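Colleague: Need a 3D model of the following:
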Amino acid sequence: MNRLEEALENYNLAIQKNPEDPKGYNNKGIIQYVQFLATILTKMNRFEEALENYNLAIQKSPEDSRYYYNKANVLSKMSRLEQALENYNLAIQNNPENSDYFNNKASVLEKLNRFEEALQNYNSAISIKPEDSDYFNNKANVLNKMNRLQEALKTYDTAIQKNPENSEYFSNKAFVLNKMNRFEDALKNYDLAIQKNPENSDYFSHKANVLNSMNRLEEALQNYNQAIQKNPQNFIILRQQSFCFKQFELIRRSLKKLQFSHLEETQKMLIIASTKLLFYFQSLIRRFQINQTDQKKLQKTMIQQFRKTQKIQDIPIIKLMFLIV
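Modeller: Coordinates of the predicted model:
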C-alpha cells in the first residue's frame, strides 16, 4: 500500500469514528489541507470519489466556502467547466473576500473564451489582493488573447514590478512584443527569462523563433541547439537540427558548382525558406506527436507546397535541401 492509499485509509477510519465531523469528509478528499488536493487527485485520478466526499462535506456544512471551492477545482480538472463555475459562484457567495475564488473562476472563464468576464474576475481578485503578482500576469494573458496588446504589456510590467524574479512574466511579455514585431525588445525579455531560469528549454526555442523572424539564422540555430541540450529527450528535433546543418553545407557547395550570378542572395533566400519550413515541421511534430511514418508523409507534402510557393522547383539544389531522413 502506498502512502496516499494509507492516508486515505486513515481518514476513512477517522470518519467512521466521528461521522458527524464535516472536516473529516473534507480531509478525506484533500488530505487535510487545500495544497494536498492537486497532488492526491492528480496522482490517483480518483476525481469522482473526491467529488462524492466534497458533496458529503457540503451537506454537513453548506456554509463553508472552501468545500465549494475545492469541489470546483476538481470539476475544472475534469473539464466540467460549467459545473466548476457554479461551485466557484457558491464559494464566492459564501465568502466574497477570498481573492483565489475570483482568480480560479476567471481561469475557467478564460478556458471558455469568455474573456470579458474573465477580465472582470481577475480585476476582482486584484482589488482584494493587489500584492499578488500572479493575478496581474493572468490578467495580462487574457488581454493578450483579446489582442489588447498595449494593455497586456503594461499589466505584465506591473507583475514584473511586484515579482521581478519570475521568469514566466518576462517570457509572456516577450511573446506579446514578438506579436507586435518589436523583435529586439522581445529578445531582451527572453534573455531576462533565460537569466532567471536557464533550465527552461522553451525560452531558448521561443528566442530562436524571434531570431528566425529577424533572419538571424545562425543565432536561431544556436538557440535551438541550447533548447535541445536542455531537453535532449526530444530526439526528433536533435535529428532534424543536425540534418539542417548538413543541408546548409550541401547548399553552399552546390550553389558554387552551379555558379549562380547572385550567389549570396540566392543562398540566403534558400536558407531562410528551408529553415522556416524546418521550424514549422518541428513544431507540428512536437504539437501532435507525429510518428515517423506520418512524418515522412507530412514532409513530402510540405516539400511539394514549398516548391509551388517559392517558384524555384527547377533548381536542382532543392532536392538536396529536403532529403527525406
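
Colleague: Helices of the stretch 101-250 of the chain, start to end?
Modeller: 115-128, 133-145, 149-162, 167-179, 183-196, 201-213, 217-230, 235-258 (DSSP state H, counting those that start in this stretch).

Colleague: who's in contact with the fifth one?
Modeller: Yep, that's helix 183-196 we're talking about. Here helix 183-196 makes contact (CB atoms under 8 Å, 6 or more residues apart in numbering) with 165-168, 170-171, 173-175, 177-178, 200, 203-204, 206-207, 210-211, 213-214. Yep, even glycine has a C-beta here, placed from its N, CA and C like the rest.

Colleague: For that helix, which residues meet the burial criterion?
Modeller: Phe183, Asp185, Ala186, Leu187, Asn189, Tyr190, Leu192, Ala193, Ile194, Lys196 (16 or more other CB atoms under 10 Å).

Colleague: Over to stretch 172-182?
Modeller: Asn172, Lys173, Ala174, Phe175, Val176, Leu177, Asn178, Arg182.

Colleague: what sits against Asn197?
Modeller: By CB under 8 Å, 6+ apart, the contact set of Asn197 is Ser167, Tyr203.

Colleague: Quick check: phi and psi on it?
Modeller: According to degrees, to the nearest 10, the main-chain angles of Asn197 amount to phi -140, psi 80.

Colleague: Please determine how far it is located from Ser205.
Modeller: Between Asn197 and Ser205 the distance, using CB to CB, to the nearest Å, works out to 14 Å.

Colleague: tell me what the host helix or strand of Gln83 is packed against?
Modeller: Per DSSP states H and E, Gln83 falls inside helix 81-94. Counting contacts by 3 or more CB pairs under 8 Å, 6 or more residues apart in numbering; DSSP states H and E, helix 81-94 packs against helix 65-77, helix 99-111.

Colleague: Go ahead and confirm Ala174 touches Asp202.
Modeller: No. Checked against CB atoms under 8 Å, the pair Ala174 and Asp202 is beyond contact range at 11.2 Å.

Colleague: Buried ones in stretch 146-159, by neighbour count?
Modeller: For stretch 146-159, by 16+ other CB under 10 Å, it's Arg148, Leu149, Glu151, Ala152, Leu153, Thr155, Tyr156, Thr158, Ala159.

Colleague: Next up, the contacts around the fourth one.
Modeller: The one in question is Ala152. Counting by CB under 8 Å, 6+ apart, Ala152 has contacts Ala140, Asn141, Leu143, Asn144, Val176.

Colleague: One more pass at 6 Å, please.
Modeller: Contacts for Ala152 were tallied using CB atoms under 6 Å, 6 or more residues apart in numbering; they are Ala140, Leu143, Asn144, Val176.

Colleague: cool, and the third one?
Modeller: Contacts were defined as CB under 6 Å, 6+ apart; by that measure Glu151 touches Leu143.

Colleague: Would you mind giving the buried residues of helix 183-196 as a markdown table with pLDDT and distance to Val74 added?
Modeller: Formatted as a markdown table, the buried residues of helix 183-196 follow (pLDDT from 0 to 100; distance: CB to CB, whole Å):
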| residue | pLDDT | distance to Val74 |
| --- | --- | --- |
| Phe183 | 98 | 42 |
| Asp185 | 99 | 41 |
| Ala186 | 99 | 38 |
| Leu187 | 99 | 41 |
| Asn189 | 99 | 36 |
| Tyr190 | 99 | 36 |
| Leu192 | 99 | 36 |
| Ala193 | 99 | 32 |
| Ile194 | 98 | 36 |
| Lys196 | 98 | 32 |
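
Colleague: could these be laid out in JSON lines, adding distance to Glu110?
Modeller: Shown next, in JSON lines, are the buried residues of helix 183-196 (distance: CB to CB, whole Å):
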{"residue": "Phe183", "distance to Glu110": "27"}
{"residue": "Asp185", "distance to Glu110": "26"}
{"residue": "Ala186", "distance to Glu110": "23"}
{"residue": "Leu187", "distance to Glu110": "28"}
{"residue": "Asn189", "distance to Glu110": "22"}
{"residue": "Tyr190", "distance to Glu110": "24"}
{"residue": "Leu192", "distance to Glu110": "25"}
{"residue": "Ala193", "distance to Glu110": "22"}
{"residue": "Ile194", "distance to Glu110": "27"}
{"residue": "Lys196", "distance to Glu110": "25"}
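
Colleague: And those, which is closest to Glu218?
Modeller: Leu187 (14.5 Å; CB to CB).
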